[in-house]
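> Here is a sequence with its predicted model. Questions after.
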Amino acid sequence: MPPSQSGHTVSVIAFENDTQEPILGSQVTSAFKETLIRRGVFVSNPDKAMFTLSGKVNQLGQVLLALNSNGQASASRVTIGVEHTVSEKTNLVKFNASASADYFNSQDSDQDRTAKDRAMREASFRLAEKMADDVADFITNGMTPPAE
């Protein structure tokens, strides 16, 4: 049964950002909220929620995937990692996950930054999708995270 049908609500606390990207914490928080809502979970304020989701963006990596004929970057990958916690009064479960997205580099610094921003947003949503099942399982069944 989806969490919303069982009356469960979740409060999503703003994720801490332990990276050099100033907006990444809020971007990951938004991706988690949007994904949970899309999956039918009621997202509420902390006073009314049965469960709390919080976390920290603890990784932002970028690797070069390809060079053009001039030896300049033509494709890169960004990887975002988070540690997040789902809690219910005395029960607390921690999850870790990461997700990546690729983008094409540009000689124009504005275009390159735009492409990187899009890749970070895509990776944020991939991360949220990846972890939404685990969060929903915990909320509905009290399940623990898979062994790492």
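Nice, I can see it.
> Please, where are all the strands along this protein?
9-12, 16-17, 42-43, 51-67, 73-88, 91-104 (DSSP state E).
> The third one - contacts with which helices or strands?
What it means is strand 42-43. strand 9-12, helix 24-38 (3 or more C-beta pairs under 8 Å, 6 or more residues apart in numbering; DSSP states H and E). Every C-beta, even on glycine, is put in place using the N, C-alpha and C of the backbone.
> any idea which of the strands of the chain scores lowest on pLDDT?
In terms of mean pLDDT, the lowest-scoring of the strands of the chain is strand 42-43 (a mean of 82).
> Sheet-wise, list the partners of that strand with their directions.
strand 9-12 (parallel) (DSSP bridges).
> and the strand it pairs with, C-alpha only, in CSV?
Taking Å, rounded to 0.1, in the frame of the first residue of the first chain, the C-alpha atoms of strand 9-12 are listed here in CSV:
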residue,chain,number,x,y,z
THR,A,9,3.4,11.8,6.1
VAL,A,10,7.0,12.8,5.7
SER,A,11,8.8,16.0,6.5
VAL,A,12,11.8,16.7,4.3
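> Run through who's touching that strand.
Here strand 9-12 makes contact (C-beta atoms under 8 Å, 6 or more residues apart in numbering) with 3, 29, 32-33, 36, 41-46, 48-54, 86, 135, 139.
> Quick one, which of these are buried?
Listed as buried from those are 3, 29, 32-33, 36, 41-43, 49-54, 86, 135, 139; burial here means 16 or more other C-beta atoms under 10 Å.
> Name the residues of stretch 65-81 that come out as buried.
Judged by neighbour count using 16+ other C-beta under 10 Å, the buried positions of stretch 65-81 are Ala73, Ser74, Ser76, Val78, Thr79, Ile80, Gly81.
> What lies in contact with it?
For stretch 65-81, the external contacting residues (C-beta under 8 Å, 6+ apart) are 24, 28, 57-64, 96-105, 107, 116, 119-120, 123-124, 127.
> starting at the chain centroid, how far to it?
23 Å (C-alpha atoms, centre = their mean, to the nearest Å).
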